[in-house]
Structures are given as C-alpha cells and as structure tokens.
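Asks: Take this sequence and fold it.
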Amino acid sequence: MEYEPVIGLEVHAQLLTETKIFCGCSTRFGEAPNSNTCPICIGMPGVLPVLNKKVVEYAIIMAIATHCRINGTSTWARKNYFYPDLPKGYQITQFAHPIAEAGYVDIEIEDAKKRIGITRIHMEEDAGKSIHDDLSPFSYVDLNRAGVPLIEIVSEPDMRSSDEAVHYLRRLHEILVYLEICDGNMEEGSFRCDANISLRPKGEEEFGIRAELKNMNSFRNVQHALEYEIQRQRAILEGGGRVVQETRLWDVPQGVTHSMRGKEEAHDYRYFPEPDLVPVVISDAWKEEIKNTLPELPMDKRERFVEQYGIPSYDAGVLTASRDLADYYEETARLCGKPKIASNWIMGDFLAYLNEEKLDVTASPVTPSTLAELINIKEDGTISGKIAKEVFEDMWKSGKTPGEIVEEKGLVQITDTAELEKIVEEVLEANQKQLEQYRSGKEKLFGFFVGQTMKATRGKANPEIVNELLKKKLPAL
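Replies: So this is what the prediction gives:
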C-alpha cells in the first residue's frame, strides 16, 4: 500500500522586544544566569503581570503578513504543567481565543505554488532553561528566558513531504526576519519548530495516528527528522502494527527519533482563564495603522524585481534573501541604470567578499554609489572587465572610489587603435613558435595571442579592439 505523509508545524518565534512580555526585565541573550529576572518572571507569590504592548503589535504585524483574521478580542489562559524551569507551575498563553486565526502562506517548489494554511497565531511567555550536567548528578535552572515573549504559529496539516515542510518553515523564517520582529536564530532558540506527522493510505481523507517531533534546531534537522519518521511509521504500518501517539525527540548524532513521552491532549494541561490579565482588545484603527507601516514582503518583492528590473526569478530570489541586500541592489540599480549588470556584480563579487569576511550588507566598505560608479566606468569603456575586478578588490580593501583608484594607478583602458596595433605586432614578433603553430592549423592559439596582448598592457587594452586587430593580422601572416 502506498502511504502519504500528513505534516503540520508548530513554530515558536521569539519577538525582538527589549523587555519581557509581562515585566520590564531585559530579553538580552547570553547574560549571566538568572540576572535578567524579577519577582514577576520568577513567579513569586502576589505579583501581577502587565502586558507589553509591543508584543501585541508584533503579533498583529505577523498576522497581517500571513493573511490571518485578527480577532477584535483575545484572551489569556494558564497552561498548567510542572517542570523546574517553569517557576509559576503554569505558562501564560492563549488558548480558546487567540489573537489571530485562519491565515496562509504560499510556498514554491519546482516553480509550482502551494498554499499552506495557518490555523492560529497566539502570544505566550517562554519558560526558563534547564541545564543538565553530564559529569555530576545535578541540573541547573536559568530563568533569564522565563517570560521572554513568543508567538506560536500553528499550521494546518497541509504539507505532504519533508521538502514542503522545510519550504514552509523557511518562508515563515524569511517573513519574520524581513519584518524585523524576530532575529530567526535557531541555535539560540529564538526560532523553534515542533512537527506533527502521521501517515495515511494515499487517497484516504482520515488522518492517521500522529507523532510530535521535538529538538530540531536547524532546517536540515527538520528535514532529516521528518524523513526518518516517515520511514519509521511506514515500516510499522507495512508490518501490520499500529503507530502510537507520542512525543519523540530527534537524536542528531544518531540520526533517529526516540520516544520521549505519551502525547498530551489539551485537557492534560488543565487550561483555564488567566485571572490577572484583561482581554486584549484590538481596534480596526490600530490594525490599519500597523498595516500601513509594513514593508514589502519578500515574495511580493521578488515578483516586482522580475517585472520591474527584467532579471531572472533566480536572481530575484538571491537578491531578496534579506531586506538589506534587496535595498542595496535597488539603490545600485537605480544609480547605474543597469539592473541586470548590477545583479551580476552583487551576486558575484559582492556576495563572495561579504561571505568570505562574514560581514552584513550594512557593513560593506563598497557602497551602492561606488559600485554603481564602477559599473558605469566599466560599461562606458573607461576600464576593462579584468581591471574592473581589480578595482573592486581595491575598493573593498581601501574604501576608495573607483575613480580615485583608476586615476592613482593609471588604469584607464587603452582604446587607441594605432597604439594597440603596435603592441599586437610586438606580441606576434615575440612568439614566433606559437605563430608557426597557428599557421599550421592550431587556431585555438588565437586566445593565447589575446592573452599575451592583455598581459603586455597589464589588462588595460580594450579586448574588442585587440580581437579585431588579431583577426586582421593573423590571416595575413
């Protein structure tokens, strides 16, 4: 029997607020353990939470970006469970009435679009962190993360492969980072994903028994964990067994999933209304005000780049990978007026240098205006393509403009035909052996003579003129 996977993802995104969701403690990562805490976030008796308005604003931003219906009124609940890093014994979250529901994002796989539904987006506080000592029988609790604001984005079970799941996850990550409401750092835990996966016979409507997968801290691990779980569940079903509903952990070194616990249902958490927080009321005017501040989203920007600048969709995908890179490209293209050439330079030398030095776009020593100047003096024939590469390297190292570098080093392209003709004749005279070979039919040596001429001029010769001169000279010899 052929089985198909049914996959849904639950994504937790840490919001880029300076303070926690219900108190004024800092959200900075990497501080000394338990230093970013107060009586509210460590759960002392008698304290009262106060909602951070910025958290609601960021949740609304993500809801608009993912086409969700934003509820005029949403409420808070207590999710009750015991764990040492949850000092109150419950997590403040949203349950029955979340801030947003019924949205979607579109993904593209092999040029085909697919819409993935979003069931809900809700706000909640993060728990602390338990640190287990492998060398002694002790565990430690760091409550710096307790109370850090999260939004949870719950998808519909619309994905049918690990590829679709990873494309959806990347799209959410891209949107969150583009909106500058989450830094997307999976290693630090600010972008986390749990997956629910089941198998069913192909063509069936009813879902199978699902497993929840945890401990996946990279896109690669999400893909591998899902692929392993598909194989595991298929083997059980084909052997006549029954999949157990449970939570499983992805073991990265072993490349397998392990059973962690039986899967809880909502009633296991004994949700009940949070008595210390009033409902969140969102007016239409507030929603509209926030909507008017949103930047252009990555998919919309990609489509516009293809249409407006006439560049391939692949180029547009690379150039819109980050908001800063897209802005850099647009400014360069505007200043030089040559969008495809600007795209080639940015996707080539520019990104290569950035990656090599692990710099952000905003830290580049080559600005859009200096890159546009370089493109223009190369395209108008002032310098050759080879010299342009050298000038770019010098620009990167020195921060100088291309005009300054060309003038200082005397790099202006030689376009005087008489001068170049004399150099070509000298090259031919100095390479009699290769000339004889060319005459005997080894026409591939034409490139050798071009290279020698360019070398003799230190790359400053106009290659088109050199080619024309050699085409005239060589047959006549």
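Asks: Would you mind finding the longest helix in the chain?
Replies: Scanning the chain for the longest helix, with DSSP state H as the assignment, gives helix 219-238.
Asks: what does it contact?
Replies: 1, 3, 5, 7, 162-163, 165-166, 169-170, 186, 193, 195, 197-199, 208, 211, 213, 216, 242-243, 248, 250, 252, 255-257 (C-beta atoms under 8 Å, 6 or more residues apart in numbering). In this view, the C-beta of every residue, glycine as well, is placed from N, C-alpha and C.
Asks: Contacts only, for the closest residue to Ile92 other than its chain neighbours.
Replies: Leaving out its chain neighbours, the residue that sits closest to Ile92 by C-beta to C-beta, 6 or more residues apart in numbering is Glu125, at 5.1 Å. Glu125 makes contacts with 20-22, 41, 91-93, 146-150, as judged by C-beta under 8 Å, 6+ apart.
Asks: do the same with Ile181
Replies: Ile181 touches 13, 15-16, 58, 61-62, counting by C-beta under 8 Å, 6+ apart.
Asks: What of Asp360?
Replies: Residues near Asp360 by C-beta under 8 Å, 6+ apart: 324, 354.
Asks: Break down the stretch 251-400 of the chain into its helices, ranges please.
Replies: 284-291, 298-309, 313-319, 323-336, 339-345, 351-357, 368-379, 385-398 (DSSP state H, counting those that start in this stretch).
Asks: what comes up buried for stretch 163-181?
Replies: By neighbour count on 16 or more other C-beta atoms under 10 Å, the buried set for stretch 163-181 is 164-169, 171-179, 181.
Asks: Give me the buried stretch members for the host helix or strand of Glu419, please.
Replies: Assigned by DSSP states H and E, Glu419 falls within helix 417-430. Residues of helix 417-430 classed as buried by neighbour count (16+ other C-beta under 10 Å): 420, 423-424, 427-428.
Asks: Show me what the residue nearest to Ile92 bridges to in the sheet.
Replies: Beta bridges link Glu125 to Pro149 when assigned by DSSP bridges.
Asks: Then the one 5 residues further on?
Replies: For Ser130, the beta-bridge partners are Val141 (DSSP bridges).
Asks: for Thr257, same thing?
Replies: Per DSSP bridges, residues listed as beta-bridge partners of Thr257: Trp250.
Asks: Out of the contacts of Glu125, who's the most crowded?
Replies: Most neighbours among the contacts of Glu125, by other C-beta atoms under 10 Å: Gly147, with 30 neighbours.
Asks: so that residue makes contact with Cys23?
Replies: Yes. Contact criterion C-beta atoms under 8 Å: Gly147 and Cys23 qualify, at 6.0 Å.
Asks: between these two, what contacts are shared?
Replies: 40-41.
Asks: pLDDT at Glu205, what is it?
Replies: Glu205 is assigned a predicted lDDT (pLDDT) of 83.
Asks: Could you measure from the closest residue to Arg302 other than its chain neighbours over to Ile346?
Replies: Spatial nearest neighbour of Arg302, excluding adjacent residues (C-beta to C-beta, 6+ apart): Ala316 at 4.4 Å. According to C-beta to C-beta, to the nearest Å, Ala316 and Ile346 sit 12 Å apart.
Asks: and what of Ile131?
Replies: In terms of C-beta to C-beta, Ile131 sits 43 Å off from Ile346.
Asks: Check Glu212 too.
Replies: According to C-beta to C-beta, Glu212 stands 42 Å off from Ile346.
Asks: cool, and Pro463?
Replies: Pro463 is 23 Å from Ile346, by C-beta to C-beta.
Asks: List the buried residues in stretch 442-456.
Replies: Of all the residues in stretch 442-456, those buried under the rule 16+ other C-beta under 10 Å are 445, 448-450, 452-454, 456.
Asks: The helix or strand hosting Glu212 - which strands sit beside it in the sheet, and in what orientation?
Replies: Using DSSP H and E, Glu212 falls within strand 211-216. Next to strand 211-216 in the sheet, as set by DSSP bridges, lie strand 191-201 (antiparallel), strand 246-251 (parallel).
Asks: Please enumerate the strands of the stretch 51-200 of the chain.
Replies: Under the criterion DSSP state E, counting those that start in this stretch, the stretch 51-200 of the chain contains strands at 69-70, 73-74, 77-80, 90-93, 100-109, 112-125, 129-132, 139-142, 149-155, 191-201.
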